[in-house]
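Visitor: below are the sequence and a predicted model for it; my questions follow.
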Amino acid sequence: MKLFFTACALSFFIITNVLAEKADRNKPIHLEADRATVDDVNRKESTRISTFIGNVILTQGTLRIKADKLIMKEDIDGFRHAIATGNLVTFRQKRDGLNEYVEGWSERAEYDSKADKIELFRRARLKRGEDEVNGDYISYEMSNEFFKVIGNDNRNIESAPNKRVHITIQPKNKSE
């Protein structure tokens, strides 16, 4: 029943089929931090692991992730998987063809460049225009703007005040 409600609510939230900025995938990744370590010599199975600590900013085109700490793994094909932690991790990316951004906040975020997806964990919040979703976990597929939002059933963990998914959908102008 909970899954059905979430699916119904998300179908209302995902009204348009506008994609995240497509050109971002083909742009270089720029990283800034107070400190960085790169393990290139001891690459395991052709994976490079880099750790960035302190005021970390990852930028790729219009995609921007800010965190206190970011660990990035890069495979032999150049695909990257980043785990960002902080109080709070933020991300922002322009929507393709619109002057509008998707923004997110959480305690931990995982960015997967191969899947073109970001996952937000703990106190997760995602905003697109004036519409907004909140939950303990949000998965956002950037290529097709598909959202999955889960509340927290575990009452022992502090998360959203009542552990449920919250979605706010603003009315659209009739002229649109």
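Guide: Done, it's in. Numbers count the residues shown, from 1 in each chain.
Visitor: point out where the protein drops to low pLDDT.
Guide: Applying pLDDT under 70 to the chain flags the ranges 1-23, 41-45, 153-162, 174-176.
Visitor: what ranges does it have for its helices?
Guide: 2-13 (DSSP state H).
Visitor: so for it, which residue is the most central one in space?
Guide: What sits nearest the mean C-alpha location of the chain, by CA atoms, centre = their mean, is residue 118, with 3.5 Å.
Visitor: contacts only, for that one.
Guide: 91, 104, 109, 110, 111, 112, 139, 140, 142 (CB atoms under 8 Å, 6 or more residues apart in numbering). (Glycine included, C-beta is placed from N, CA and C.)
Visitor: quick one, strands of this structure?
Guide: 30-32, 35-44, 47-60, 63-74, 80-94, 101-112, 117-128, 131-141, 146-150, 166-168 (DSSP state E).
Visitor: and those as JSON lines, adding distance to residue 24?
Guide: Compiled in JSON lines, those are given as follows (distance: least, CB to CB, whole Å):
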{"stretch": "strand 30-32", "distance to residue 24": "12"}
{"stretch": "strand 35-44", "distance to residue 24": "22"}
{"stretch": "strand 47-60", "distance to residue 24": "6"}
{"stretch": "strand 63-74", "distance to residue 24": "5"}
{"stretch": "strand 80-94", "distance to residue 24": "7"}
{"stretch": "strand 101-112", "distance to residue 24": "12"}
{"stretch": "strand 117-128", "distance to residue 24": "12"}
{"stretch": "strand 131-141", "distance to residue 24": "14"}
{"stretch": "strand 146-150", "distance to residue 24": "17"}
{"stretch": "strand 166-168", "distance to residue 24": "26"}
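Visitor: verify the stated contact: residue 135 with residue 163.
Guide: No - Residue 135 lies out of contact with residue 163 (CB atoms under 8 Å); the separation is 9.0 Å.
Visitor: neighbour count: the two, which is higher?
Guide: residue 135 (26 against 15; other CB atoms under 10 Å).
Visitor: for that one, list each beta-bridge partner.
Guide: According to DSSP bridges, the partner residues bridging residue 135 are residue 124.
Visitor: quick one: contacts for it?
Guide: 124, 149, 150, 151, 152, 160, 164, 165, 166.
Visitor: distance of residue 101 relative to residue 166?
Guide: In this view, residue 101 and residue 166 are 20 Å apart by CB to CB, to the nearest Å.
Visitor: just give me the neighbour total for residue 53.
Guide: Other residues near residue 53 number 15, with proximity taken as other CB under 10 Å.
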